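A.B. asks: make a model of this:
(2 chains)
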Amino acid sequence: MQTVEKDLLPQKTRWSQRAIARHLCSDRKTVKAYAEQLAVVIPDYLKECPRNSDGSVESGFALTQYQCWVVCQLVTLGRAIKADMNGTAYRKVVKATAIAKAHLLSKKAFESQSDVTAA
Amino acid sequence: MPRTTKKAQSTANTAAEGISMILDTPVLKTVSEAASFVGCAEIRLLELFCDALKLPEALGWEVIPQEHEHLLNEFKSQANATVQVLPEAVKTSETSVEPPKTAETPSNDEAPKEVEKAGKMTQGKSNSSGMTKKSQKAIDLELKNAKAIEFGIEKTEEIINLQNEFAKGAHEQKKRELAKLNGRLKVREAAHRKALLAIKKETEERSEEDILLSLKAAGIETSEELLEDIKAFSEMALGKFQTVFEETIANPWETGLESDSTDLEDFENWNV
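C.D. replies: Got it, this is the predicted structure:
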């Protein structure tokens, strides 16, 4: 039973992690973990992340459309794996999968997919 | 997961071999330890490995492989070199008064690349003052309000000064009017005094003979008793008159304050 109502993302170029959490019916801390720890293994994603002076990724940054797409993909994957792995550490598997399938989560793949949906 | 991991190199046939193998296995550095050694963020260190080894999988490392640990020293030296270079660049930019724009842009492009290679990312935030647009707007609004308040205070002080001067002038005017009134009262007093003195004089000048003649003209026979009565009555009347006269002289303003008929000119025209 879905306790949280799905919220549409506003018409913006960047979305906050909180808005994405509402869109995915997930917790904002989950989205934060996926956005700042798991998705950064993808090179195209990491290039678009705002950085601090020491090189670390800025905390709580707003995501672009591509980054939002990547996070949504990983959260969906994590939900699928979690159900299968029955409580074990599934996020490591998500990270490893993201590394292995980085070409499927690249910017090119996103743009081609968005072109297909637009067509 | 354990803090450090030990990589097993080969299988052991005996227990002793196994133990020695475990003890001889070097301890691998975790990414966090390596990052603190180099002096940068973990993700940045992994990025450096990724660029140096052309290995995208390096972004997912949790421990640094032994064969790549030698790169840590290189990254550290590059980071130190960048730290020394950056202050000099800042000094040159401060000393130059009007640096040419064409010369500036290439240096701006090169500096981030050098920094990237060395492992230190410096964004435009190093020159930022830390003020957001919202806070800057709030500060500007506060300054504007402060200026308006200051202007209001100045105007208020000006008005108060004008009012004080007006009050002062009004006070002076009041004083003049009071002096004038006082003068009028004095004139009135003198007029009263003069009139009363005249009446008193006229009364005193009238002798008994005048009274007798008046009575004879009226057809009233005079006698000594009548004369005595008249004398007693006149003395009494004069005594009362004297009292009234003295009281009027002492309090002229009570008798003549309501009427403004007497003035200096009227007094001068008084036929006494």
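A.B. asks: C-alpha from now on. contacts and neighbour counts both.
C.D. replies: Fine.
A.B. asks: and A:L105, what's its pLDDT?
C.D. replies: Looking at A:L105, its pLDDT stands at 93.
A.B. asks: now it, what's its secondary structure?
C.D. replies: Three-state assignment for A:L105 (DSSP: H, G, I helix; E, B strand; the rest coil): coil.
A.B. asks: over to it: give its phi and psi.
C.D. replies: phi -110, psi 20 (degrees, to the nearest 10).
A.B. asks: now the strands for the chain?
C.D. replies: In the absence of a named chain, this looks at chain A. Under the criterion DSSP state E, chain A contains strands at A:14-15, A:63-64.
A.B. asks: you looked at the wrong chain, it should be chain B
C.D. replies: Assigned by DSSP E, chain B shows strands spanning B:29-30, B:63-64.
A.B. asks: using TSV, lay out the ones you listed together with distance to B:Q78.
C.D. replies: Output for the strands of chain B, formatted as TSV (distance: least, C-alpha to C-alpha, whole Å):
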stretch	distance to B:Q78
strand B:29-30	20
strand B:63-64	18
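A.B. asks: out of those strands, nearest to A:Y90?
C.D. replies: strand B:63-64 (19.1 Å; C-alpha to C-alpha).
A.B. asks: follow-up on the earlier one: TSV for the strands of chain B, including mean neighbour count?
C.D. replies: Output for the strands of chain B, formatted as TSV (neighbours: other C-alpha atoms under 10 Å in any protein chain shown):
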stretch	mean neighbour count
strand B:29-30	18
strand B:63-64	19
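A.B. asks: how about those strands in TSV, adding mean pLDDT?
C.D. replies: Converted to TSV, the strands of chain B look like this (pLDDT from 0 to 100):
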stretch	mean pLDDT
strand B:29-30	88
strand B:63-64	90
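A.B. asks: deepest of the strands of chain A, which one?
C.D. replies: strand A:63-64 (a mean of 20; mean count of other C-alpha atoms under 10 Å in any protein chain shown).
A.B. asks: and it, what does it pack against?
C.D. replies: Applying 3 or more C-alpha pairs under 8 Å, 6 or more residues apart in numbering or on different chains; DSSP states H and E, one finds that strand A:63-64 contacts strand A:14-15.
A.B. asks: the strands of chain A: lowest mean pLDDT?
C.D. replies: Ranked by mean pLDDT, the strands of chain A end with strand A:14-15 at the bottom, a mean of 86.
A.B. asks: for B:P26, what are phi and psi?
C.D. replies: Note on B:P26: backbone dihedrals following degrees, to the nearest 10 are phi -70, psi 150.
A.B. asks: which bits of chain A sit near chain B?
C.D. replies: A:40-43, A:51-57, A:95-96, A:99-100 (C-alpha under 8 Å from any C-alpha of the partner chain).
A.B. asks: top helix in chain A by residue count?
C.D. replies: Ordering each helix of chain A by length in residues (DSSP state H) puts helix A:65-85 first.
A.B. asks: pLDDT of it, averaged?
C.D. replies: In this model, helix A:65-85 carries a mean pLDDT of 90.
A.B. asks: now do stretch A:21-41
C.D. replies: For stretch A:21-41, mean pLDDT is 93.
A.B. asks: chain center to that stretch, what's the gap?
C.D. replies: Chain-centre distance of stretch A:21-41: 6 Å, with C-alpha atoms, centre = their mean, to the nearest Å.
A.B. asks: now do the buried residues in the longest helix of chain A.
C.D. replies: A:66-72, A:74-75, A:77-78, A:81-82 (16 or more other C-alpha atoms under 10 Å in any protein chain shown).
A.B. asks: tell me what that helix is packed against?
C.D. replies: Contacts defined by 3+ C-alpha pairs under 8 Å, 6+ apart place helix A:65-85 against strand A:14-15, helix A:43-47, helix A:90-100, helix A:107-118.
A.B. asks: show me the contacts for B:G60.
C.D. replies: Contacts for B:G60 (C-alpha atoms under 8 Å, 6 or more residues apart in numbering or on different chains) come out as A:V41, A:K95, A:A96, A:I99, B:L46.
A.B. asks: just send these back as CSV, with distance to B:A217 and neighbour count too.
C.D. replies: Converted to CSV, the contacts of B:G60 look like this (distance: C-alpha to C-alpha, whole Å; neighbours: other C-alpha atoms under 10 Å in any protein chain shown):
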residue, distance to B:A217, neighbour count
A:V41, 148, 25
A:K95, 151, 22
A:A96, 154, 17
A:I99, 154, 23
B:L46, 150, 24
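A.B. asks: wait, which of those residues is closest to B:E69?
C.D. replies: Nearest to B:E69 among the contacts of B:G60 is B:L46, at 12.2 Å by C-alpha to C-alpha.
A.B. asks: hang on, isn't that closest one packed against B:V63?
C.D. replies: No. Counting by C-alpha atoms under 8 Å, B:L46 does not reach B:V63; the two are 10.2 Å apart.
A.B. asks: shared neighbours, these two?
C.D. replies: In contact with both B:L46 and B:V63: B:V31, using C-alpha under 8 Å, 6+ apart.
A.B. asks: any idea which residue sits dead centre in chain A?
C.D. replies: Nearest to the mean C-alpha position of chain A, by C-alpha atoms, centre = their mean, lies A:V71 at 0.8 Å.
A.B. asks: didn't that one look like it was pressed against A:A33?
C.D. replies: No. The criterion here is C-alpha under 8 Å, and A:V71 misses it with A:A33 at 9.8 Å.
A.B. asks: who touches both of these two?
C.D. replies: Joint contacts of A:V71 and A:A33 (C-alpha under 8 Å, 6+ apart) do not exist.
A.B. asks: one step back: which of the residues of chain A next to chain B count as buried?
C.D. replies: Buried members of these, counted by 16+ other C-alpha under 10 Å: A:40-43, A:51-57, A:95-96, A:99-100.
A.B. asks: burial of B:K201, as a residue count?
C.D. replies: Neighbours of B:K201 under the rule other C-alpha atoms under 10 Å in any protein chain shown: 11.
A.B. asks: repeat that for B:E205.
C.D. replies: Neighbours around B:E205, by other C-alpha under 10 Å: 10.
A.B. asks: so who does it touch?
C.D. replies: So B:E205 contacts nothing (C-alpha under 8 Å, 6+ apart).
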